[in-house]
Structure formats: structure tokens, C-alpha cells
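Enquirer: Quick one, what's the 3D model for this:
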Amino acid sequence: MKKKLLLTFLTICILSCSKPKEGFTIKANINGLKDSTMVYLFNGDTWNMIDSTIVLNNKFAFAGKLNDPVPISFITKEHEIYPDFWLENKEIEINASIEPLSEKDINFNKFSIGSKTNEVALRYKELTDPIHDNRGREYQKISKKIITKEEFDTYADKNFDTIKKVSLQFFLEYPNNYFSISEILNFRKVFPKESSQEYFNLLSDKMKNSSYGKKLDTFLSTKPLEEGDDFVDIVAENLKGETIKLSDYKGKVILLDFWAGWCVPCVKQIKEEFPTIIEKYKNENFQIVSFSFDVERSRWENASKKLQLSWPDFSNLLRMGSNPVALNYSLEQIPTSFIISEEGKILKRVEYEDNLEEELDKVFNIKE
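Expert: Below you'll find the predicted structure:
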């Protein structure tokens, strides 16, 4: 298991220059990292790797250029190094030492790195942490038999309502920054669409045209797919690096399966239900196509091999919360499947609680 570590910061500063340079540079001097340790710079939004380098004399550096600011983390094979912060096209110098801490002591986003985005993120954390802490204290009362599970569930619902109310008020008060818009995207299925639209209307043209703004605009303008609608095409790569299109399989009845290797119910459904489905409809004009919301290629690959997926399986390795595919298909949870007709029309949206085999029987007019 990776050790989670917090950086005890001696100094963190944004270097000012009389003539700003394009792009970002990160120069880190972190006491406690061994020479030749590989350090990976990860995008905390998509969880894709931005870059990697090695440690030499406690130092490592990154340089590049961003279209928009992104939340980032430094990762090694042994450690996750915190705090996370929002990276912008600036020069950042970090001088620090590593202090091992227990899980309960880890304080995400504790340090502001000098940008407006980080300042807003920290302000939001300070506002919502007490609400989350209250929920944690109430949960501990279950094991002590002070309250029942049903009483906690009632409290948790009220606590979540408070989080929603406080969060929406905060985002509306501080709209024009990348942290708020990324959180609005994360909350998009929680807030009423009208509230997200109200937030979007407050954005500057710059923010509306950012990658985050365009995703939010897509969500607001996309009508949830209903029965009879045309499917939305998906283009991504399989594990061999080959480009796959959902439209490649038009002309067959398609079972479009959304899953991930980290999703226990998804793995359970594929393992227990799909073999029966494959055998039952093997003589039909039928094709399963799976799309994975894994962000780690290794996890996706390991799960696919373990489950022996023999049908098309592809992914763009983007986090579900901000994935255009999830936005287009209005996905709130996985596993979720869509049954698509030979003509490319949505026949049925099938949630995990639904009977998938029964729905396919209806399509193929199979009676038990």
C-alpha cells in the first residue's frame, strides 16, 4: 500500500518575473526523497499523468504549458505527496521536507500556493470541513450504539442537504475561478439544472470558453437520452491502442456497457451475468460493447484480462466526473447499460437494479 505523506513546507512561492514566461515551471527541493526516485505529475481532474522525472540530490523539476489550470499531485511508487494544488502557467519553487502522517492527519489543500484558484479552494475547504466532520462524528456513534443505522441515515441526508446548500451559495458567490467551475461539474447531478445554469450565466467569457466552461455548457445543453433518440457516437482506443467507434457496430443490436475495473458492481455484473447473455443471444444479431471509466490503464487492463473480455472494450482514460462520454449519456452511476437498435436508436437505459436479460428478451421477442 502506498504511504501517504504530507509535505512540511518550509517555503512555497510563486516566483515573480518582470517579463512572465509562457507555461509553468516547478522546481522542488524536498528533503527525504531518495536519489533516482521517479516522480509523476498527475492531473487530479482526469487522473492522467502529465509528466515524470527523477529525483537527484532531493530535487526534481517539471516544465510545460497548460491551456487551463488543473489540480495536480506528485506521486512516487512509494508515496503520494501532498498537498494537492492547482497548477497554473507560473513559476513555482518548493522547498520542503517529508513528514509521514497517519491517514487521519492528512490535510488536503492545506497550503495555498499563491494563486486565486488555490485561495478559493482553501476557503471552500475551511467552510465545508466542519460539516463533513460532524457527519464523521455521528457515524462513530453507530459502533457505540448511541444511535441506530436508520437514525444515522436520516442525519446523513440532512447533512448532505446542508453541504449542497452551502456549496451552491459559495460557488455563486465565487464563480469566476477554476476551482468553483470544476466543483459545479462534480455536483452537476446533485444541483438542479437551473442552479447550474444560474452559475454558468455568472461566468466571464474567458471562463465560459475554458475547457471546464465548455464541459458545463455541454451538460446544460445536452438533453438526456430517451428511448427513440439516436445514440451519441463514442470514439476511443482499446487496450491494443486501436481506435474504436461505437458507430462501427451500427447494424446490430448493441448492448453498450459502461463499467470500470474499480467498480465492484460492474465487475460482478460482467462476471455473473454477461456469460449467460453471450450464450443466450449468440445466434442473434447482437454485440456487446464496453466502455471503461478507468483512469489507470493498468487497472483497466488487469480487470479486462481477469474477466476475459472477448468483446470490444475501449476507453479514453478520463475520470467519469468530467468525461464528455458521461456528460453525453447523462451517467450518474455505473454499471449502466444502453440497448441500442440496429438503426442506432436508444431502446432502453438499463440501471444496475434492472433485469438486463429480461430487457434483452423483449428486444429479441424471446419468451420464457
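Enquirer: so who does the residue nearest to Gln197 when sequence neighbours are not counted touch?
Expert: Using C-beta to C-beta, 6 or more residues apart in numbering and skipping the chain neighbours, the partner closest in space to Gln197 is Leu220 (5.6 Å). Bear in mind the C-beta positions are built from the backbone N, C-alpha and C, glycine included. Residues near Leu220 by C-beta atoms under 8 Å, 6 or more residues apart in numbering: 193, 196-197, 200.
Enquirer: in stretch 128-141, what counts as buried?
Expert: Under the neighbour-count criterion of 16 or more other C-beta atoms under 10 Å, stretch 128-141 has 135, 138 buried.
Enquirer: Sorry, slip of the keys, the one I care about is stretch 351-361.
Expert: 356, 359-360.
Enquirer: Next: stretch 40-58.
Expert: Using 16+ other C-beta under 10 Å as the test for burial, stretch 40-58 gives 41-46, 48, 50, 53, 55, 58.
Enquirer: Can you name the element that comes right after the helix or strand bottoming out on mean pLDDT in the chain?
Expert: Lowest by mean pLDDT, DSSP states H and E among the helices and strands of the chain is strand 3-14, with a mean of 45. Going down the chain from strand 3-14, the next helix or strand is strand 24-31, by DSSP states H and E.
Enquirer: avg pLDDT for that following strand?
Expert: For strand 24-31, mean pLDDT rounds to 86.
Enquirer: what angle do the next helix or strand after that strand and strand 24-31 make?
Expert: Proceeding N to C from strand 24-31, the next assigned helix or strand is strand 38-43, under DSSP H and E. Counting by axes from the mean of the first three to the mean of the last three C-alpha atoms, to 10 degrees, strand 38-43 lies at 140 degrees to strand 24-31.
Enquirer: Quick one: low-confidence residue ranges for the stretch 101-250 of the chain.
Expert: Across the stretch 101-250 of the chain, residues meeting the criterion (pLDDT under 70) sit at 101-114.
Enquirer: Show me where it has its helices.
Expert: Remark: helices assigned in the stretch 101-250 of the chain by DSSP state H, counting those that start in this stretch are 116-143, 149-173, 178-186, 193-201, 205-208, 211-221.
Enquirer: Check which helices and strands the fifth one is in contact with.
Expert: With contacts taken as 3 or more C-beta pairs under 8 Å, 6 or more residues apart in numbering; DSSP states H and E, helix 205-208 sits against helix 211-221.
Enquirer: Give me the angle between the helix it packs on and helix 193-201.
Expert: 140 degrees.
Enquirer: returning to that earlier point: looking at the contacts of Leu220, spot the one nearest Asn186.
Expert: Ser196 (11.2 Å; C-beta to C-beta).
Enquirer: ok, that closest one - contacts?
Expert: 184, 187-188, 216, 219-220.
Enquirer: Cheers, nothing more for now.
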